[in-house]
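Trainee: This is a predicted model, with the sequence first.
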Amino acid sequence: MASIRNLKKDINYVLADIIEAVYVWELTNPGKDTKKSEAIIDEAIEVFDELIVKMNTKDVDNSKQHFKAINAELEVRGRKLIDKINALS
């Protein structure tokens, strides 16, 4: 059970760090348009919601494989969000 708790914490920490990075970008670039950065924040919140719903799914056949898939999805989607932050100009 501890690994499930840690996975939930990882989801929370990763996506919170991504949102924080967007806020830092907005503060360091006050003259820039924030529509794209706000879209990244909205997407991070959507990813969080989707992953938490998947975490709370009870009727899975192989729970170990299910949680590994969620962890892999967090990594992939987190990297995409980080790439979007890096592409902001």
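Mentor: Thanks, I have it. Numbers count the residues shown, from 1 in each chain.
Trainee: what's the helix or strand harbouring L15 packed up against?
Mentor: Element membership of L15 [criterion: DSSP states H and E] is helix 2-28. The helices and strands touching helix 2-28, judged by 3 or more CB pairs under 8 Å, 6 or more residues apart in numbering; DSSP states H and E, are helix 35-55, helix 63-87. C-betas here are computed from N, CA, C, even on glycine.
Trainee: now the shortest one against helix 63-87, angle please.
Mentor: Between helix 35-55 and helix 63-87, the angle comes out at 180 degrees (axes from the mean of the first three to the mean of the last three CA atoms, to 10 degrees).
Trainee: Send me helix 35-55 as PDB with only the CA atoms.
Mentor: The C-alpha coordinates for helix 35-55 follow below in PDB (Å, rounded to 0.1, in the frame of the first residue of the first chain):
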ATOM      1  CA  LYS A  35      -2.500  32.600 -22.800                       C
ATOM      2  CA  LYS A  36      -0.200  29.800 -23.600                       C
ATOM      3  CA  SER A  37       1.200  29.500 -20.100                       C
ATOM      4  CA  GLU A  38      -2.400  29.500 -18.700                       C
ATOM      5  CA  ALA A  39      -3.200  26.700 -21.100                       C
ATOM      6  CA  ILE A  40      -0.300  24.700 -19.700                       C
ATOM      7  CA  ILE A  41      -1.600  25.100 -16.200                       C
ATOM      8  CA  ASP A  42      -5.100  24.000 -17.300                       C
ATOM      9  CA  GLU A  43      -3.600  21.000 -19.000                       C
ATOM     10  CA  ALA A  44      -1.600  20.100 -15.900                       C
ATOM     11  CA  ILE A  45      -4.700  20.300 -13.800                       C
ATOM     12  CA  GLU A  46      -6.600  18.000 -16.300                       C
ATOM     13  CA  VAL A  47      -3.700  15.500 -16.200                       C
ATOM     14  CA  PHE A  48      -3.800  15.500 -12.400                       C
ATOM     15  CA  ASP A  49      -7.600  14.900 -12.300                       C
ATOM     16  CA  GLU A  50      -7.300  12.100 -14.900                       C
ATOM     17  CA  LEU A  51      -4.500  10.300 -13.100                       C
ATOM     18  CA  ILE A  52      -6.200  10.500  -9.700                       C
ATOM     19  CA  VAL A  53      -9.300   9.000 -11.200                       C
ATOM     20  CA  LYS A  54      -7.200   6.200 -12.600                       C
ATOM     21  CA  MET A  55      -5.500   5.800  -9.200                       C
END
